[in-house]
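Sequence and predicted model, in that order:
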Amino acid sequence: MREAQFWTSVDTSPGETECWPFLGALNIDGYGQYYAGRTLIGTVSAHRVAYVLAHGLASNLPAHRLVRHLCANPPCCNPAHLTVGSQRDNMTDRFRLHRDRPGPHAVRTLIPPPPGGRRVTSGDLKELARKALEAEFWRKIDRSGGDAVCWPWMAASRHDFGYGFVYWEGRHTQAARVAYVLHHGLTLACIDSDLVVRHLCPGGSNPGCCNPRHLKLGTQKQNMHDRLAQGKYDRGDDHFATKVSNREVRALREEYWNAPHGKRPKLEVLAQRHGVYWGTIHRWLRGAGRQEAGGPTGELEPEAEARTNHARGEAHRMVKISDARVRELRETYWSMPTKQRPSTVSLAARLGTDSKTVWNWLHGKSRLSAGGPTSSSENSGQQSGKEPIPDRQS
Ligand SMILES: [Zn+2]
Ligand SMILES: [Zn+2]
């Protein structure tokens, strides 16, 4: 129950007749600030929340109805000291009863409880509050399909890749991570921060899924592998609107698999050459895609380093590189003597994009609006677009 959450923030220990100070933040006037949110009663004044809860009211009091402190002690949340009244009542108390002396004052005539008694939650409040939070968490997940299917995160808080996000135990974290720890009776602190929650859903990794039966702890490396295996990052073709022909796919398979072990080209080099993602090359070489292209395929050994680089590039891709930076890049690049110009691969690494994009910028094939010199303004002969894209081996 959510009410327990509120009462854990109030010190009820002084007893029924005394003031119960609010333990959370106070505003500039000394009133308790309780960020109940819309789900409770939509108020931020702690003593108003106390009044509403203690009287078992279904909704918040209208804003014009003042909840007064008979004790003249703003942080007090004892319902026996709280009554609904007017500002005039406040003034009458202040000057007639208290002779303008500041509070807190002892309350001689306590406010009687409503019929049926006050509803002040007691017992193990910490435990009740924790249960309330957990129930609230699970309400954001659609579990209606049963244990066997995915449980999608329904709340609006989502990460770009579709992961649910939630504030839990004082930090923002993945909803699936919270689902995992709750299901296993753990806390977030129990899990090494290096470990990630992998989505091993029956239909393939489903980032929004919070069904603990589909979740497993693993390393970031394993997680990347899960995604690559599924082609999550295989967006290259669409992204660049390039189509690598069957002949080229077959040729790259032959080049890779016919080379002696240890002399095989790096996947990232092949990826740069063809303007696709590393994961795409990985799939082609394994035969997990483009089977119709023919050529040899095989099992790839883990290339941990390449995978890590790939992950980094992907993260950077989400950052749009400003026009100013593109212009600066063009100015610097074209002002350098030809021999001293850096490779597009190294520029791409520095900018967190790929070499084909950099090449297009430098040659004015894209981001023309950014301004600055391009190869077409220096030498129209390079406009053909048939220039090979340099890679690290060139
Ligand atoms: Zn009081
Ligand atoms: Zn699932």
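Nice, I can see it. Numbers count the residues shown, from 1 in each chain. Ligands and ions are numbered 1, 2, ... in the order given.

make it CA atoms for all contacts and neighbour counts henceforth
Will do.

and residue 89, how far is that from ligand 2?
The gap separating residue 89 from ligand 2 is 59 Å, by C-alpha to the ion, to the nearest Å.

likewise residue 201?
For residue 201, the distance to ligand 2 - C-alpha to the ion - is 4 Å.

Could you report the neighbour count for that residue?
By other C-alpha atoms under 10 Å, the residues close to residue 201 number 21.

ok, it touching residue 214?
Yes. With contacts counted by C-alpha atoms under 8 Å, residue 201 reaches residue 214, the gap being 5.0 Å.

Spit out the residues that contact these two alike.
Residues touching both residue 201 and residue 214 by C-alpha atoms under 8 Å, 6 or more residues apart in numbering: residue 150.

how about low-confidence regions in the stretch 151-300 of the chain?
Residue ranges of the stretch 151-300 of the chain with pLDDT under 70: 159-161, 227-243, 275.

what does the protein put close to ligand 2?
Neighbours of ligand 2 within the chain, by C-alpha under 5 Å from the ion: 150, 201, 209, 214.

Any quick PyMOL command for the buried ones out of those residues?
Paste this into PyMOL to select the buried members of the residues of the chain next to ligand 2, with burial taken from 16 or more other C-alpha atoms under 10 Å:
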select buried, resi 150+201+209+214
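
of all of the stretch 201-350 of the chain, which residue lies closest to ligand 1?
Distance from ligand 1 to each residue of the stretch 201-350 of the chain (C-alpha to the ion) is smallest for residue 210, at 44.4 Å.

Can you give me every residue that contacts that residue?
With C-alpha under 8 Å, 6+ apart, residue 210 has these contacts: 141, 150-153, 175-176, 179-180.

Of those residues - the most surrounded one?
residue 176 (29 neighbours).

Leaving out sequence neighbours, find the closest residue to that one.
In this structure, residue 176 finds its nearest non-sequential neighbour in residue 210, 4.7 Å apart by C-alpha to C-alpha, 6 or more residues apart in numbering.

and the gap between the one you found and residue 194?
According to C-alpha to C-alpha, to the nearest Å, residue 210 and residue 194 sit 20 Å apart.

Likewise for residue 294?
Between residue 294 and residue 194 the distance is 40 Å, computed by C-alpha to C-alpha.

now do residue 256
34 Å.

Settle it for me: which of those two has more neighbours?
Neighbour count, other C-alpha under 10 Å: between residue 256 and residue 194, residue 256 has more, with 20 against 8.

which residues sit in contact with the more buried one?
Residue 256 neighbours (C-alpha under 8 Å, 6+ apart): 264-265, 285.

most surrounded residue in those?
residue 285 (26 neighbours).

Which phi and psi values does that one adopt?
Backbone torsions of residue 285, given as degrees, to the nearest 10, read phi -70, psi -30.

Which one of the residues in the stretch 1-150 of the chain is closest to ligand 1?
residue 19 (3.5 Å).

My read is that that residue contacts residue 77, right?
Yes. Here residue 19 reaches residue 77: they are 7.1 Å apart, a contact under C-alpha under 8 Å.

Just give the number of residues close to residue 281.
Counted with other C-alpha under 10 Å, the neighbours of residue 281 add up to 24.

before we move on, what about residue 125?
Neighbour tally, residue 125, other C-alpha under 10 Å: 18.
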